Every structure is written in structure tokens, then in C-alpha cells.
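*Asks:* Predicted coordinates and the sequence they were generated for:
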Amino acid sequence: MFLPLILIFVIFYFLIFRPQQKQQKQKQKMINELKRGDEVVTNGGIYGKISDLAESFVMLQIANNVTIKLDRSQVNTVRGVPETQMAKK
């Protein structure tokens, strides 16, 4: 009687929950590996270059003499690193 429910849960786990967890782990790894000079795109769509790093924030240079302080979690992607290479790291 419970077998169909268990099967549905297993299918949901492999189709929804597991890929989400994998994606979150990749993003966390990317955030932990940020370094000075990386060109990044933020969640808000701002392009910039990391000029300084701290444990919880990054200083992002977005133009000449314009630097913004940004939470690390708001970095969406590192430019110039193909996603397949990011997945291998």
C-alpha cells in the first residue's frame, strides 16, 4: 500500500532534491575559491573584478575608482571559467 508513495518520493529525490543539492554545493565551492583578480557577475547582474576579499564579503571594482562592498553569497558566476571546468574542481 505504501510502495507507490515510496516510489514517488524516490523519484522526486532523484529528479528534484539531489540536483538542487549538487548545484548548491558547486556554488558554495565557487564562492569559497574566489580570489583577487577574478572577474565575476553578481546576482544583480553587475560585472566587476574582485579587488579585495574577506571571509564574508568581497570588494568589487566595477569601474575606475568605483568599488562596492558585496556579500560573498551575491556572487553568481566567475567569468572566464567554463562551467564544465567549475564542475570538475
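*Replies:* Thanks, I have it.

*Asks:* alpha carbons only for contacts and neighbour counts from here, please
*Replies:* Fine.

*Asks:* can you pull out the strands in this protein?
*Replies:* Listed in chain order, the strands of the chain (DSSP state E) span 39-42, 47-53, 57-63, 66-71, 75-78.

*Asks:* and Gln23, which of those is closest to it?
*Replies:* Among the strands of the chain, the nearest to Gln23 by Cα to Cα is strand 75-78 (12.0 Å).

*Asks:* and the closest one, which strands flank it?
*Replies:* strand 39-42 (antiparallel) (DSSP bridges).

*Asks:* so which of the strands of the chain gets nearest Phe9?
*Replies:* Short answer: strand 75-78, nearest of the strands of the chain by Cα to Cα, at 30.5 Å.

*Asks:* how much distance is there from that closest one to the middle of the chain?
*Replies:* Relative to its parent chain, strand 75-78 has a centroid offset of 6 Å by Cα atoms, centre = their mean, to the nearest Å.

*Asks:* now stretch 54-73
*Replies:* Put simply, stretch 54-73 sits 16 Å off its chain's centre (Cα atoms, centre = their mean).

*Asks:* Ok, stretch 61-76 next?
*Replies:* Centroid displacement of stretch 61-76 relative to its chain, using Cα atoms, centre = their mean, is 15 Å.

*Asks:* hang on, the earlier thing: switch the strands of the chain over to CSV; also include distance to Leu5, mean neighbour count and mean pLDDT.
*Replies:* Output for these, formatted as CSV (distance: least, Cα to Cα, whole Å; neighbours: other Cα atoms under 10 Å; pLDDT from 0 to 100):
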stretch, distance to Leu5, mean neighbour count, mean pLDDT
strand 39-42, 40, 20, 95
strand 47-53, 46, 19, 95
strand 57-63, 44, 19, 96
strand 66-71, 41, 14, 96
strand 75-78, 36, 20, 94
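
*Asks:* Fine by me, we can end here.
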